[in-house]
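[1] please work out how this folds:
(2 chains)
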Amino acid sequence: MKSSENREFARQARREGVMGPVLQILHIWQRRAPLLTAGALLSLLAVLIGLVLMREAGMRVAAMTMGMIVVTTGALRIFGSARVILRYTERLVTHDAMFRALADVRVWFFRNLARGAAAGLGFRRAGDLLSRLVSDVETLDGLYLRIIIPLLGACLVLPFLFIAINMVNTVLAVVVAGLFACSAFGLPLVAAMLGRREGGLVNHASAQLRIGVLDMVGGLREIATFGAEGRMLAHVRDRDDALYRAQMKQARMLAMSGAASYLCGQAAVLVVLAAALGIGLPHIAPLPAAAVLFLTVAAFESVGGLTRAGALAGSITQAAARVVAVSDMPEHAPPEGTEPAPAGTDICFDHVSFRWDANRAPVLDDLSLSIPAGQRIAVLGPSGAGKSTLAALLLKAVAPQGGCITLGGRDIATIRDEDLRRRIAWLSQATHLFADTIRANLLLGRPDATEADLWTALEQARVADVVRELPEGLDSWLGEGGASLSGGQGRRLALARVLLSRAPILILDEPATGLDARTEQEFLQTLNDVTQGRTVILIAHRLTGIEKLDMVWRISGGKMVSAR
Amino acid sequence: MNDDKTVMKAWTKAQSRLGRRQAMPVVLLGLATAATAVGQVWCVANVLAYVLVGGGQSAVTWPLAGLVVLALIRAVLQMGSDMLAARAGMKARARLRGGVLDAILRGGPGLLRRHHTGELAALAVDRIEALDGFFARWLPASVLWVAAPLVIGVLAALVQPGSALIMAICGIAVPFGQALFGIGAAVASRNQFLAMTRLQARFLDRVRGIATIVLSGRTDDETRRLAAAAEELRLRTMKVLRVAFLSSASIDCAMVVALVLVALRNGAQLMALHDQGVPATLMAAHVARGLFVVLLVPEFFAPFRSLALAYQDRAHASGAAAAMRILPDAATVRTAGQTVCETGQGVSVAFEHVGFTWDPARGATLDDVTFTVPAGQTLVLCGPSGSGKSTVIEMLLGFIQPEIGRITFNGVDMATILPEALVAMTSWIGQKPVLFAGTLRENILFARPDATDAQLQAAIRAAAADTFIATLPHGLDTLIGEGGFGLSGGQAQRVAIARAFLKDAPLLLLDEPTSHLDPQTEADVFDSLRALAAHRTVILASHSAAVDGFGGQRVDLDHGRIVTSGENAS
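    The predicted model follows:
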């Protein structure tokens, strides 16, 4: 008893493992339920009309050949054109509903990514994992168009088929309906089960290829200087071949399931013909025989794609699982606050402890630090000492395991994330320049900035000359990652964005990286002037001596030590 | 823009020619499938005719048996054609991907100056994967939609020329009608497709920069903007799909018309025969023929549908063609030198009045640069960023060539030296070494795959990498790079130094090797670099104060010109 209960539980868990993410996707689509349902209904109607049309056509052709009626095509023509129009509208409506639902998934995905995982992203997660997630969202269209709609159709066709044939002969109805169920439900299920493994292999192989290619592209310099072109190419080719092998296996499986599904339909046709001839099955009259034959052909045609879709169901559910996983909170994520940010901007770290991983040493260990409003401090320390972790904690990207952080006397855990972040402007190594105009990139810092504000910020960041030289000035488009600017220029543009913001607290994480000594000195001089009255937290591994600072701290052993 | 279009057309044409050869077996199997379908229809028509109007019992056993056999044959043909199509797609992708990878390697590090790593990787992986449908589905369908109906039409004409003519006219009406309404052109519209790609790229870009958005407190604004962009994507996609569906609908229409006309024609004939009262066997033959042509109509139009379904695949090809244009042409292979440079006594390097310009609008990057580094000596290049230090190093690595003047190694013009010999004589360490996905051992052996274990250990000790390797979970076999253990900046640089020790080349180029390190680590790394520099010719570009301890000659660059040169404090 106990063991059967366990087995049942395990089975349920397994089912949830597959169906859970899909159900959650359906939940996101709830807002589009009317449209999605309308699309499904139209589709069902089209299938039904198709069946009726074919049954009618069979009957008429038969009657005509037997000389029983003078053929009138009026009804056929009406049904025929109704079917064409219905097919067209049905496809329009279902696809439109699908794209609306996908747009919802995109927005949902983005919002959740922003809320939960975003924090970790800026500090840890790689961009290429994300690109895969983007294509996963697109894969989800198959769920509605290729699985749900045809399955609903099959659920409607099965009883229709059975009832229509049952009026002629019960044995025949049972046999044909059985074959139909096999083709519409059995084979797709088998294909889905087999396809999960094949799909997994293909996904793995394509991820390996992607890593190989990224290594090759990123390491072009290393490859050229070590003369390793041939070796690297062979390495990537191996992975490419592995992908093709996995895909070929999948193609073979798809082809076989397609053939099996086709043979099911042909078997049904044969059974109907056998019944019409009275071989092995009770004989049926010629006229209904023709009608049943045409109906059977149409019914099997309507579910022809399901086996193939079943084989791809694995990759769809896996995509759904990855998309849905975005809403899982990362382990260090702080809870969303509800209070508005207070007016004061005194910052206080009170006995804060933090470690990224339970197996590693704590990065911050019982650290206390107070930064009164308007104070300018520097935090020094070797890389990996926890300087950036300090910024992550203050921005509520991660939550401390011990102690608390207050802003204006209020625990930041209770402050609304967006409010908190609007009070802090952050420049990091990972600051992203968007594939957009320079203006749009700057306005991210302060949406209501005037043209003059923009130029002032650019001047302060020592990048105004570069922008002025561009043919379209502020409206020049930046390529992916700001590719049309050099690394140093991109950094300065990101800096201009931060300077533009009116946030009373600035966190500058190595702002002078990529600047040469002279520009760095000029820049720090400007920084002294333009950040007057604001709290500045400068994170650096060394100081040049030009910075005007109230305090200099060094992180050592997870604690703050005054360096002055 | 017009130029773009011709380039893209030429590319699509060339690819079609190459792909068609591979698609031939698929086309042949498709034709065989069409012929089998005709056979099946013939069998069904005969059995049905017997059921409806009677005739000899013997008349049905053969068609019935034939039906079983033909169904099996068709299933096998279909399977074969599916698999051959998949294979054709794979072969084409392997060929194209090989070409893209070659072009990336040929373009070398210069490509990274203009393009993001992710962009190039997406081109080599995703763009090519998206082309599968073009070769596996579109190309066979683009031949079959003419050939298969032709086969079916000819076979139908043998039985009933009149009905075959009706089918042919309705069939021809499809492309004519589509051309008239501009359906084909609209579906394949490149503009529409490119706009879609841009919107998808925008989503990807926003997702990549999500941390910046969130930490700027702009999540709500961006979410709203994203929703608007997603809405636009939907509208554009629907615009394309609407015409695609219209095109399918026009095929359905043509089929219904053909079906009704053929049925009417046969109905009238049979009615006349009934009135004449012909015997049952003769009647059965007539009925069988009539049913045959009626049932053949859907088979006749099936290839048209496949073509309509493959429209999207074609659009992918023009998108890919546009993306491919960032790669260098195969034609731009530069002429390689042939001379072998003797390096037994070390390498002396000389720049003779070298000039180079990246962008004419911003002036010369290097202007009349002249210096000499004797074998075994060190040269430190100083100057602000953008002064031309990196350009000097890139030239020495052979990634770019001087536009004016020349560079000599041991008095031999660099341009005439065999590329393999150049690679063999230089080691390079940059700001951040790239660590490949794999073990630490593989990463160091990358410099010289045939090195013995003793040589490997010696290089690791010389680079002072042994201390940190001992602390790693699996020592030298620890997985690093993508998805592996993350090394710190200093540790990664030690891997690079170990690589350079292992390679043991006489010329060492150092491009800001410590700019990402904190002062303590920087000092440690410089100690190891000094050990590496012994008995080698070294050119070091840096703006760090720590280079003062490096000794040797010093050259200060500003705006591509040498401003001062002299001895470096040591």
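
[2] helices of the stretch 251-400 of chain A, start to end?
    Remark: helices assigned in the stretch 251-400 of chain A by DSSP state H, counting those that start in this stretch are A:286-302, A:306-324, A:387-394.

[3] pull the distance from the helix or strand containing residue B:240 to the chain's centre.
    According to DSSP states H and E, residue B:240 maps onto helix B:219-276. Counting by C-alpha atoms, centre = their mean, to the nearest Å, helix B:219-276 is centred 33 Å from the centre of its parent chain.

[4] so how far is residue B:19 from the nearest residue to residue A:406 once chain neighbours are set aside?
    Spatial nearest neighbour of residue A:406, excluding adjacent residues (C-beta to C-beta, 6 or more residues apart in numbering or on different chains): residue A:348 at 4.7 Å. (Each C-beta comes from the backbone N, C-alpha and C, glycine too.) Separation of residue A:348 from residue B:19 (C-beta to C-beta, to the nearest Å): 67 Å.

[5] okay, the two: which has more neighbours?
    residue B:19 (25 against 17; other C-beta atoms under 10 Å in any protein chain shown).

[6] what about the more buried one, which SS state?
    At residue B:19 the chain is in helix, as set by DSSP: H, G, I helix; E, B strand; the rest coil.

[7] dump the residue contacts of it.
    B:88, B:92, B:134, B:135, B:139 (C-beta atoms under 8 Å, 6 or more residues apart in numbering or on different chains).

[8] so what's the closest residue to chain B within the stretch 351-500 of chain A closest to, chain neighbours aside?
    Closest to chain B within the stretch 351-500 of chain A is residue A:432: 3.0 Å, counting by C-beta to the nearest C-beta. Nearest residue to residue A:432 in three dimensions, chain neighbours excluded: residue B:209, at 3.0 Å (C-beta to C-beta, 6+ apart).

[9] that neighbour reaches residue A:436, doesn't it?
    No. Counting by C-beta atoms under 8 Å, residue B:209 sits too far from residue A:436 to count as a contact (9.9 Å).

[10] these two - which one has more neighbours?
    For residue B:209 versus residue A:436, the count of surrounding residues by other C-beta under 10 Å is larger for residue B:209: 26 against 17.

[11] burial check on residue A:203, number of neighbours?
    17.

[12] just residue A:266 next, same as before
    That count, for residue A:266 with other C-beta under 10 Å as the rule, works out to 20.

[13] again, but for residue A:247
    Residue A:247: 22 surrounding residues under other C-beta under 10 Å.

[14] and if you look at residue B:347?
    Residue B:347: 21 neighbours (other C-beta under 10 Å).

[15] that one should be in a strand, yeah?
    No. Counting by three-state DSSP, residue B:347 is not part of a strand but coil.

[16] residue contacts, it?
    So residue B:347 contacts B:341, B:375, B:409, B:410, B:425, B:506, B:507, B:537 (C-beta under 8 Å, 6+ apart).

[17] per-residue confidence for it?
    pLDDT for residue B:347: 89.

[18] and the gap between it and residue B:409?
    Counting by C-beta to C-beta - residue B:347 and residue B:409 are separated by 5 Å.

[19] how about residue A:115?
    58 Å.

[20] of the two, which one has the most company?
    Set residue A:115 next to residue B:409 and count neighbours by other C-beta under 10 Å: residue B:409 wins out with 25 against 17.

[21] okay, now residue B:176: neighbour count?
    10.

[22] what strand or helix carries it?
    Using DSSP H and E, residue B:176 falls in helix B:161-180.

[23] that helix near chain A at all?
    No. Judged by C-beta under 8 Å from any C-beta of the partner chain, helix B:161-180 stays clear of chain A, getting no closer than 13.1 Å.

[24] could you list the buried residues of that helix?
    B:163, B:164, B:166, B:167, B:168, B:170, B:171, B:173, B:174, B:175, B:178 (16 or more other C-beta atoms under 10 Å in any protein chain shown).

[25] could you dump those into CSV with pLDDT added?
    CSV is the format used below for the buried residues of helix B:161-180 (pLDDT from 0 to 100):
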residue, pLDDT
B:163, 92
B:164, 94
B:166, 94
B:167, 94
B:168, 94
B:170, 94
B:171, 93
B:173, 90
B:174, 87
B:175, 84
B:178, 77
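
[26] that older thread, just put the helices of the stretch 251-400 of chain A in CSV and tack on mean neighbour count, mean pLDDT and distance to residue B:77.
    Formatted as CSV, those follow (neighbours: other C-beta atoms under 10 Å in any protein chain shown; pLDDT from 0 to 100; distance: least, C-beta to C-beta, whole Å):
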stretch, mean neighbour count, mean pLDDT, distance to residue B:77
helix A:286-302, 23, 89, 18
helix A:306-324, 23, 84, 17
helix A:387-394, 24, 82, 61
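
[27] and those helices: which comes nearest chain B?
    Per C-beta to the nearest C-beta, nearest to chain B of those: helix A:286-302, 4.9 Å.

[28] got a pLDDT number for the residue lying closest to residue A:365 once chain neighbours are set aside?
    Excluding the flanking residues, the one nearest residue A:365 by C-beta to C-beta, 6+ apart is residue A:558, at 3.2 Å. Here the pLDDT value assigned to residue A:558 is 79.

[29] same thing with the one 5 residues further on?
    The predicted local confidence for residue A:563 comes out at a pLDDT of 74.

[30] repeat that for residue B:475.
    85.

[31] hmm, residue B:469 and it touching each other?
    Yes. With contacts counted by C-beta under 8 Å, residue B:475 reaches residue B:469, the gap being 5.8 Å.

[32] these two: which is more packed in?
    Set side by side, residue B:475 and residue B:469 show more neighbours around residue B:469, with 19 against 13, by other C-beta under 10 Å.

[33] how far away from the center of its chain is stretch B:136-143?
    20 Å.

[34] same check, this time on stretch A:262-269
    Stretch A:262-269 has its C-alpha centroid displaced from the chain centroid by 40 Å (C-alpha atoms, centre = their mean).

[35] now it: mean pLDDT?
    94.

[36] please apply the same query to stretch A:524-533.
    Stretch A:524-533 comes out at a mean pLDDT of 80.

[37] swap in stretch A:542-552?
    The model assigns stretch A:542-552 a mean pLDDT of 79.

[38] stretch B:74-90 now?
    On average, stretch B:74-90 scores 94.

[39] and if you look at stretch A:245-253?
    Stretch A:245-253 shows a mean pLDDT of 91.

[40] list the buried residues for it?
    Result for stretch A:245-253 [16+ other C-beta under 10 Å]: buried residues A:246, A:247, A:250, A:251, A:253.

[41] so can I have a markdown table of those residues showing distance to chain B?
    Below are the buried residues of stretch A:245-253 laid out as a markdown table (distance: C-beta to the nearest C-beta, whole Å):
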| residue | distance to chain B |
| --- | --- |
| A:246 | 11 |
| A:247 | 7 |
| A:250 | 8 |
| A:251 | 4 |
| A:253 | 10 |
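
[42] residue contacts, residue B:402?
    B:354, B:355, B:356, B:366, B:395.

[43] and the contacts of the helix or strand hosting the second one?
    With secondary structure defined by DSSP H and E, residue B:355 is part of strand B:349-356. Counting contacts by C-beta under 8 Å, 6+ apart, the residues outside strand B:349-356 that touch it are B:364-373, B:379, B:391-392, B:395-396, B:400, B:402-409, B:411, B:507, B:537, B:539, B:560.

[44] what do you get for stretch B:280-299?
    Against stretch B:280-299 from outside (C-beta under 8 Å, 6+ apart): A:61, A:65, B:34, B:37-38, B:41-42, B:44-46, B:48-50, B:52-56, B:59, B:152, B:156, B:159-160, B:163-164, B:167, B:255, B:258-259, B:262-263, B:266-267, B:269-270, B:273-274, B:278.
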